[in-house]
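[1] only geometry, no sequence info:
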Ligand SMILES: Nc1nc2c(ncn2[C@@H]2O[C@H](COP(=O)(O)OP(=O)(O)OP(=O)(O)O)[C@@H](O)[C@H]2O)c(=O)[nH]1
Ligand SMILES: [Mg+2]
Ligand SMILES: [Zn+2]
């Protein structure tokens with residue numbers, strides 16, 4: 001068996017890279033085994049170009065979404081999640097919150113990349129994101145088209161998954177970072193204010209420490225298809241609540257131990273919102289995500 005890095009996934013198929021640089025198309029052995037981009041796996045070769053993933057290596061992290069029916073792996077072994085938003089097409093604040101919660105609850109750092117700052121509409125988006133900066137999230141304004149350096153700096157030395165809705169410019173950023181090799185982007189119709197789904201598989205790209213050097217294995221970036229849904233069913237209420245840095249210090253300070261922060265008297269979270277110390281939108285996301293996860297009996301939760 002040989003060790004390899006998973007660099008592309010689409011359904012049950014994966015492409016892996018061997019230590020000598022060779023790439024193999026692989027299938028996974030058995031239904032139970034689910035490989036994600038970034039996974040280190042043990043493979044056996046079936047022929048020169050194909051192999052079977054026999055075993056997954058231990059993961060330092062796993063970023064995935066889940067609902068009542070299925071789990072969808074996005075990336076393994078990442079050190080950070082970069083949520084990519086843009087003024088056009090308009091991004092969803094709720095989805096951004098789902099990714100931030102998922103990253104934190106998975107023990108992975110989250111950063112927010114604000115793309116397309118060349119557009120005039122970006123000023124309003126930057127204002128809307130000030131809230132997240134106050135909470136301690138790193139917000140990085142950039143333009144994949146005209147100046148991607150601010151993002152490049154945050155990606156060096158890190159293993160990153162880019163996550164975002166369709167049309168936010170994830171692939172454009174990768175094109176800028178790795179050039180020719182990257183997947184193509186297509187022009188979308190801005191008039192319709194809707195993103196055209198371009199990327200259909202998840203892919204890992206290594207980036208070099210200098211624009212002229214070769215990758216050293218320390219930095220890679222995973223591009224994922226745009227997502228419109230992102231379930232957090234694999235987390236418990238407690239895990240979700242703790243993943244809100246603005247509310248986490250208040251947990252346990254409500255009058256009722258099992259407070260759901262809806263309309264209970266002396267709720268510390270509600271009080272923080274009504275006194276203007278915390279955001280009402282953030283509290284509504286917390287309630288929604290917790291209610292969702294509690295409605296699903298499938299997962300064992302603490
Ligand atoms: N003005 C401007 N347009 C950009 C910028 N970055 C990306 N775009 C455009 O936004 C559109 C979508 O870019 P993509 O990179 O395909 O978006 P994506 O996030 O990969 O989308 P999916 O693959 O569908 O998830 C393309 O038309 C890009 O040219 C930018 O910095 N400024
Ligand atoms: Mg894309
Ligand atoms: Zn409460």
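    Cool, got the structure. Because the structure is predicted, anything quoted here is derived from the model rather than measured. Ligands and ions are numbered 1, 2, ... in the order given.
[2] which residues sit in contact with the residue of the stretch 101-250 of the chain found nearest ligand 3?
    Using Cβ to the ion, residue 250 is the residue of the stretch 101-250 of the chain that sits closest to ligand 3, at 7.8 Å. (Glycine included, C-beta is placed from N, CA and C.) By Cβ atoms under 8 Å, 6 or more residues apart in numbering, residue 250 lies in contact with 268-269, 272.
[3] now, which of the residues you listed lie close to ligand 3?
    residue 269 (Cβ under 5 Å from the ion).
[4] Next one, pLDDT for the residue of the stretch 101-250 of the chain closest to ligand 3 please.
    Residue 250 carries a pLDDT value of 98.
[5] Tell me which stretches of the chain form strands.
    All strands of the chain, identified by DSSP state E, fall at 2-10, 13-18, 23-28, 40-45, 50-56, 62-66, 71-76, 80-85, 109-114, 138-141, 159-163, 202-206, 220-223.
[6] Figure out which of those strands is closest to ligand 2.
    Of all the strands of the chain, strand 220-223 sits nearest to ligand 2, with 5.9 Å by Cβ to the ion.
[7] what is the mean pLDDT for that closest one?
    For strand 220-223, mean pLDDT rounds to 96.
[8] Does it pack against any helices or strands, and if so which?
    Here strand 220-223 touches strand 159-163, helix 170-178, strand 202-206, going by 3 or more Cβ pairs under 8 Å, 6 or more residues apart in numbering; DSSP states H and E.
[9] That one: how far from the chain's middle?
    The chain centre lies 11 Å from the centre of strand 220-223; the measure is Cα atoms, centre = their mean, to the nearest Å.
[10] Contacts for it, please.
    Contact with strand 220-223 is made by 37-38, 74-75, 78, 155, 159-162, 170-171, 174, 177, 182-183, 199, 202-207, as judged by Cβ under 8 Å, 6+ apart.
[11] Weed out the non-buried ones from those residues.
    37-38, 74-75, 78, 155, 159-162, 170-171, 174, 177, 182-183, 199, 202-207 (16 or more other Cβ atoms under 10 Å).
[12] Lovely, talk soon.
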